[in-house]
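> Any chance you could fold what I've pasted below:
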Amino acid sequence: MEKNWKLKGRVVSGAMKASFFTQLDWVQEQCMEKLGFRPYPGTLNLELSEEGLQVMEALQQEEGVSLIPPDPEFCAAEALPLLVGTISGAIIMPAEDVRIHGKSIVEVLASEGLRDALDLHDGDLVTIIVSRPG
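This is a model prediction of the structure:
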């Protein structure tokens, strides 16, 4: 039986650092191996609603997929696999000590650019359904 979690938030611009991270060879390889897709350069940033924050707190208790760097200069991250429509993706959660966003912003990694694929713009309200085994 699957649990479905609704994560609601508004599209916001990020710090433009995820495109570097998502293009690293080890990130590309581990995403393919562990998540089943190669990530598009960059992430979709969502500023969560109050309800979305509560859902995210619950999701953080779920078991994720670890992305572990071969070089200690880079940080590890946890990923929670999901589908955005038919697009494979994951919520990416960098290690606490390097997180640049507050708790209200989540980053969604996907196999394609979600802004273009879904015609999203800053300020658009989005609901992502996260399906987890359970």
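
> pull the longest strand from the protein.
When the chain is scanned for its longest strand (criterion: DSSP state E), the result is strand 2-12.

> That one pairs with which strands?
Using DSSP bridges, the strands paired with strand 2-12 are strand 44-48 (antiparallel), strand 125-133 (antiparallel).

> what does the first one contact?
By Cβ atoms under 8 Å, 6 or more residues apart in numbering, the list of residues contacting strand 44-48 from outside reads 7-14, 52, 55-56, 101, 104-108, 110, 114-115, 120, 126, 128. Quick note: C-beta positions are derived from backbone N, CA and C, even for glycine.

> Helix or strand next in line after it, which one?
helix 50-59 (DSSP states H and E).

> packing partners for that next one?
Counting contacts by 3 or more Cβ pairs under 8 Å, 6 or more residues apart in numbering; DSSP states H and E, helix 50-59 packs against strand 2-12, strand 44-48, strand 125-133.

> Same question for whichever helix or strand comes after it: list its buried residues.
Per DSSP H and E, the first helix or strand lying C-terminal to helix 50-59 is strand 65-67. With burial defined by 16 or more other Cβ atoms under 10 Å, the residues of strand 65-67 counted as buried are 65, 67.

> Same question for stretch 52-68.
52-53, 55-56, 59, 64-65, 67.

> shaky segments in the protein?
1-2, 15-18, 95-102, 131-134 (pLDDT under 70).

> what's the following helix or strand past the longest strand of the chain in contact with?
Proceeding C-terminally, strand 2-12 gives way to helix 18-22 as the next helix or strand, assigned by DSSP H and E. Applying Cβ under 8 Å, 6+ apart, the contact partners of helix 18-22 are 27-28, 39-43, 92, 107, 109.
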